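Visitor: With the input below, show me the fold.
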Amino acid sequence: MSGIEDIPPLIYTALSGYAGIKTLTTNGGSPVTYRISNRVATQYTDKPFLVYQILFDNPYNTLNSAEGDTVKVRVQVSSFSDVESEAYALAKQVKLSIDAATTFTSVYISSIPNYEPDTKLYSVVTDYSVKSA
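Guide: Numbers count the residues shown, from 1 in each chain. Next up is the predicted model:
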């Protein structure tokens, strides 16, 4: 790992490679794509979908250590759906996929449910501390 820009592809790979997430976010077609976006999803995205982002690097008091070249970041994964139970189901799959990842180490921080009246979408926002393997 050389920098913070190396983490988003690792997160995408962990999310898009997990069977439970594939089932819930598959667009289909050829090639098959998934409704998983880094930072922003278009307003026309089918539901449910995921948006992940790095909030900041070197988070305080989580996975920090004196390891020289290890990249440490705080990652947020948001599960969106127009059905509340579907947002929760997707968030559960996110937690399972991040916990199963082998290309980075993570610590679960929190999950916060939300409803956004402007978009009429339910979401579960899940935070992790992540460091490169």
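
Visitor: rest of the way, CA atoms for contacts and neighbours
Guide: Noted.

Visitor: For the nearest residue to residue 81 once chain neighbours are set aside, give me its contacts.
Guide: Among residues not flanking residue 81 along the chain, residue 48 sits closest, at 4.4 Å (Cα to Cα, 6 or more residues apart in numbering). Counting by Cα atoms under 8 Å, 6 or more residues apart in numbering, residue 48 touches 24-25, 35, 79-82, 86-87, 90.

Visitor: Adding distance to residue 99, write the residues you listed out as a markdown table.
Guide: Listed next are these as a markdown table, based on distance: Cα to Cα, whole Å:
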| residue | distance to residue 99 |
| --- | --- |
| 24 | 18 |
| 25 | 19 |
| 35 | 20 |
| 79 | 16 |
| 80 | 20 |
| 81 | 22 |
| 82 | 26 |
| 86 | 20 |
| 87 | 18 |
| 90 | 14 |
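
Visitor: Quick one, grab the pLDDT at the residue nearest to residue 81.
Guide: Looking at residue 48, its pLDDT reads 95.

Visitor: What separation do you get for residue 106 and residue 37?
Guide: To residue 37, residue 106 is 20 Å away according to Cα to Cα, to the nearest Å.

Visitor: what does residue 116 give?
Guide: Residue 116 is 18 Å from residue 37, by Cα to Cα.

Visitor: neighbour count winner among the two?
Guide: More neighbours surround residue 37 than the other of residue 116 and residue 37, with 17 against 11 (other Cα atoms under 10 Å).

Visitor: Now for the more buried one: which residues touch it?
Guide: 50-52.

Visitor: Who wins on neighbours among those residues?
Guide: Neighbour-wise, those (other Cα under 10 Å) top out at residue 50, 29 neighbours.

Visitor: That one: what secondary structure?
Guide: When classified by DSSP: H, G, I helix; E, B strand; the rest coil, residue 50 comes out as strand.
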